[in-house]
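1. Any chance you could fold what I've pasted below:
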Amino acid sequence: MLTEKEILKIFEESEAILKGHFLLSSGRHSGTYFEKFRILESPDITGKLALALKEKFKDESIELILGLATGGIILGYELASSFGTKAIFTERIKDKMALRRGFRIKKGQKLLIVEDVITTGGSVKETIGIAEEFQADIVGIAALVDRSGGRMNLGYPLKALLSLEVESFTPPDCPLCKRNLPLIKPGSRTVIPK
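-> Below is the predicted model of the structure:
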């Protein structure tokens with residue numbers, strides 16, 4: 001099993017940890033961004049990390065993987081392959097997470113929710129709500145990175161490969177804004193005009 005130190009080294013060697021002034025999907029700002037696609041672009045690395053996550057849930061009888069778009073789809077698919085089950089996903093439609101494409105969750109089905117990077121947990125909470133509507137048996141939440149340093153409470157066990165306390169700020173309280181550092185929207189690498 002990979003140690004957290006080894007996993008951090010994988011992130012660093014993949015150049016997946018960026019420093020700057022970033023606009024997160026939660027709307028918060030941070031000086032650190034985890035570019036998960038620098039990890040997920042490599043099937044062998046993604047497979048290793050999926051196996052490390054599987055190890056954290058090895059005593060559970062997982063019947064379905066529910067990933068969150070976008071990075072949770074790839075990671076969820078790899079986890080489903082290792083568990084020998086199906087992988088489905090939620091995606092954002094008009095600012096709300098939704099289950100589409102004919103995906104179904106059976107009542108009582110043992111389900112593992114998979115996310116790439118968790119900051120506020122907002123998208124995960126929406127996905128939990130969807131799984132609860134179907135009366136799934138939510139075993140837990142698996143993630144590559146928990147930016148709360150283990151303080152995140154989602155009502156179900158959260159097991160992340162990296163649990164780091166990484167500061168994020170509301171825009172009015174952002175010290176990076178006050179220093180006039182360019183704000184970057186990751187993914188697009190777009191600099192947001194002031």
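2. can we go C-alpha only for contacts and neighbour counts from here?
-> OK.
3. helix/strand/coil for the spatially most central residue of the chain?
-> The chain has residue 116 as the residue nearest its centroid, 2.3 Å off, counting by CA atoms, centre = their mean. Going by DSSP: H, G, I helix; E, B strand; the rest coil, the secondary structure assigned to residue 116 is strand.
4. I'd say it and residue 74 touch.
-> No: if you go by CA atoms under 8 Å, residue 116 and residue 74 don't touch, sitting 9.1 Å apart.
5. What average pLDDT does stretch 59-73 get?
-> For stretch 59-73, the mean per-residue pLDDT is 94.
6. Please identify the buried residues of stretch 158-166?
-> In terms of neighbour count (16 or more other CA atoms under 10 Å), stretch 158-166 has its buried residues at 158, 159, 160, 161, 162, 163.
7. Bridged to residue 97, which residues?
-> Applying DSSP bridges to residue 97 yields these beta-bridge partners: residue 92.
8. That one: how many residues sit nearby?
-> Burial measure for residue 97: 21 neighbouring residues, criterion other CA atoms under 10 Å.
9. just so I have it, where are all the strands in the chain?
-> For the chain, the strands defined by DSSP state E occupy 17-23, 29-34, 64-68, 86-93, 96-99, 110-118, 137-146, 158-163, 183-185, 190-192.
10. any idea which of these is most buried?
-> Highest mean neighbour count among those (mean count of other CA atoms under 10 Å): strand 64-68, with a mean of 28.
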